[in-house]
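J.: Requesting a structural model of the entry that follows:
(chains A, B, C and D)
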Protein chains: 2
Amino acid sequence: MSLGLVHSKSFEGRACPKCSGETENLFCACILQILNQKSCSYAVRTFKPGAVIAMEGYKAPFFGSIITGVAAQEISLADGRVQGVSLLRPPDVIGNHLQETSKYSVTALSNLEIFCVSSELFDSLLRELPELRLRFLNMKLGDLERARNWLTVLGRRSSTERLAYLIVRVAQKIGFDASLPGTNELRVNLPITRERIGSFLGMSTETVSREFTHLERAGILSARNSRVITIFNYRRLEIAAGIDDDGGTIH
Amino acid sequence: MSLGLVHSKSFEGRACPKCSGETENLFCACILQILNQKSCSYAVRTFKPGAVIAMEGYKAPFFGSIITGVAAQEISLADGRVQGVSLLRPPDVIGNHLQETSKYSVTALSNLEIFCVSSELFDSLLRELPELRLRFLNMKLGDLERARNWLTVLGRRSSTERLAYLIVRVAQKIGFDASLPGTNELRVNLPITRERIGSFLGMSTETVSREFTHLERAGILSARNSRVITIFNYRRLEIAAGIDDDGGTIH
DNA sequence: CGAGTTTTTGAATGGTCTCAACTGGAGTGG
DNA sequence: CCACTCCAGTTGAGACCATTCAAAAACTCG
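T.: Here you go, the predicted structure:
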């Protein structure tokens, strides 16, 4: 595990200049500086796609904040059913302070860099650093709101709406590359299997696949090349997701 | 609204002796004392069953922590579909600091007493009082964990499992009266309509009703007197909910 | 290219919803 | 006190949506 060793330079470039950025890593430049002053142990750990970072019910290996990459957080039921609970991306955190065992399993979906400290250290940092505490609170409030909005997806939306909703959210937050020049097309990376999409949407892989072809036949998007989605008509995708402009559904 | 006036004595008896109790109101004795010292405005507001306390998309009227009673927090979709997101009970909070509009609608399910301050005041209290900040953070971390566990209910469980799961959770947290003397029976108050149960479980009222009779015919419980549930066999109810002892599912 | 995996597609099954009718209890007014 | 209304809850029948099982097609990687 080699705590105390930074294996990568990439974190430096992303450190906040004055501890204010929402999009920066939770362990920003200020906190890194404090860690160095106090000579606390920390590490940047890297994982390859498919690597299991934490396992539900087992001791959480560390407390970390993602620097680069995407990971999936899931809950398993005793009989093997799996429910995705969130897609993690910078600066989302992995691990729980104050709790021995991990509540979720976490799997890397891409190459991943995580800034790690021990759970105990994070807990004491949380007590000492008001700024960190505030950012952590706001991060968790955002998580809570997203989780509750996701309840409407699983509880009240049809399978077409669910898939469209997921793609809209991913387009907004993770995989958005760029609108293709000269067109209205949007290209979105969704580097996960149909099965895992199903685990987030609470549907079978077959239904996920069927709904992709459904959206394709409607001329809304193309998913040939199954990990890259080209959106032809974003507005119609939002409509298919049951998202409307007047704020009734959008969070 | 008459901020600054305590309309009820009932809060006093529940104030913490030394700011440590998990089950106390968020605005415990210590904080009440601080509020008095600084002569800040606060109020205890009361609501009757069915009263709408906050409306989704409208300005949140206050920031408050429940002293007594139960309330339902729900999200509405544009076409009228409703998804319950949490059952609120002491010391849960209503309203959002730092946000103008309420994300959820909140309805009183019983007589309700809420300790209220303005959102602005709560925000500044949060900055000033480390103890309050810690308790608020822990409260929200608990909310997040419950919301994510609920995702497994909506995404991966059958309607029988959903209803059984809800009853188990309510038995654990809200409506538990007592095991009836001389028997193994448990009596649980569930003071909400079948329709609202459906809104929490993502099912129609008819299916909720059918699943009640299903559990009745299996001899697990009785729901005649539809707002009071008598559980004959708690263990079998847990099994029906897909909750097992080995921690795979329990949070 | 060939083996294994992922994705798509088809057909049949089954679970949940919708529509509709009926039941039962609470409250109202004659 | 009883008939009436109203609302919540129950039950049934049929439709529909999503799942399961099965097989074919496409893609990945050695």
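J.: Could I get the pLDDT score of the nearest residue to A:I192 once chain neighbours are set aside?
T.: Residue nearest to A:I192 in three dimensions, not counting chain neighbours: A:L109, with 5.6 Å by C-beta to C-beta, 6 or more residues apart in numbering or on different chains. No exception for glycine: its C-beta is placed from N, CA and C like everyone else's. At A:L109, the pLDDT value in this model is 94.
J.: just checking, A:L109 touches A:N189?
T.: No. With contacts counted by C-beta atoms under 8 Å, A:L109 stays clear of A:N189, the gap being 10.1 Å.
J.: Compare the two and say which one has the larger neighbour count.
T.: A:L109 (22 against 16; other C-beta atoms under 10 Å in any protein chain shown).
J.: list the contacts for the more buried one?
T.: A:P49, A:G69, A:V70, A:A71, A:A72, A:L87, A:P191, A:I192, A:R196 (C-beta atoms under 8 Å, 6 or more residues apart in numbering or on different chains).
J.: switch the cut-off to 7 Å
T.: A:P49, A:V70, A:A71, A:A72, A:P191, A:I192 (C-beta atoms under 7 Å, 6 or more residues apart in numbering or on different chains).
J.: go on, A:E100?
T.: A:K59.
J.: Next: A:I229.
T.: Here A:I229 is in contact with A:I167, A:V188, A:L190, A:L221, A:A223 (criterion: C-beta under 7 Å, 6+ apart).
J.: got the buried residues for the helix or strand containing it?
T.: If you go by DSSP states H and E, A:I229 is part of strand A:228-231. The neighbour-count check on strand A:228-231 (16 or more other C-beta atoms under 10 Å in any protein chain shown) flags A:I229, A:T230, A:I231 as buried.
J.: Now find how far off-centre the next helix or strand after that strand is within its chain.
T.: Counting by DSSP H and E, the next helix or strand C-terminal to strand A:228-231 is helix A:234-240. Averaging C-alpha positions (C-alpha atoms, centre = their mean, to the nearest Å) puts helix A:234-240 22 Å from its chain's average.
J.: what packs against helix A:234-240?
T.: helix A:159-173 (3 or more C-beta pairs under 7 Å, 6 or more residues apart in numbering or on different chains; DSSP states H and E).
J.: Run through who's touching the helix it packs on.
T.: So helix A:159-173 is contacted by A:89, A:153, A:157, A:186, A:188, A:190, A:197, A:200-201, A:203, A:207-208, A:211-212, A:214-215, A:229, A:231, A:237-238, A:240-243 (C-beta under 7 Å, 6+ apart).
J.: Pull the number of nearby residues for the closest residue to A:R156 other than its chain neighbours.
T.: Leaving aside its chain neighbours, A:R156 sits nearest to B:R81 (4.5 Å; criterion: C-beta to C-beta, 6+ apart). With neighbours defined by other C-beta under 10 Å, the count for B:R81 comes to 16.
J.: tell me the pLDDT at B:R81?
T.: So B:R81 comes in at 95 (pLDDT).
J.: For it, give its distance to B:E56.
T.: Distance, B:R81 to B:E56, using C-beta to C-beta, to the nearest Å: 13 Å.
J.: go on, A:S119?
T.: A:S119 is 37 Å from B:E56, by C-beta to C-beta.
J.: repeat for A:L88
T.: Taken as C-beta to C-beta, the span from A:L88 to B:E56 is 28 Å.
J.: neighbour count winner among those two?
T.: A:L88 (26 against 17).
J.: all helices for the stretch 101-250 of chain A, in order.
T.: Along the stretch 101-250 of chain A, counting by DSSP state H, counting those that start in this stretch, helices occupy A:119-128, A:130-156, A:159-173, A:194-201, A:205-217, A:234-240.
J.: Would you mark the buried spots in the third one?
T.: By that I understand helix A:159-173. A:159-171.
J.: okay, the nearest residue to A:N96 once chain neighbours are set aside: pLDDT?
T.: Among residues not flanking A:N96 along the chain, A:A60 sits closest, at 6.0 Å (C-beta to C-beta, 6+ apart). At A:A60, the model reports a pLDDT of 85.
J.: Would you agree A:A60 is in contact with A:S102?
T.: Yes. With contact defined as C-beta atoms under 7 Å, A:A60 reaches A:S102; the gap is 4.2 Å.
J.: in chain A, what spans have low per-residue confidence?
T.: A:1-24, A:174-183, A:244-251 (pLDDT under 70).
J.: which residues sit in contact with the spatially most central residue of it?
T.: By C-alpha atoms, centre = their mean, chain A has its centre lying nearest to A:L88, at 1.9 Å. Applying C-beta under 7 Å, 6+ apart, we find A:L88 in contact with A:I66, A:V70, A:A71, A:Q73, A:I94.
J.: Since that was my last question, I'll sign off now.
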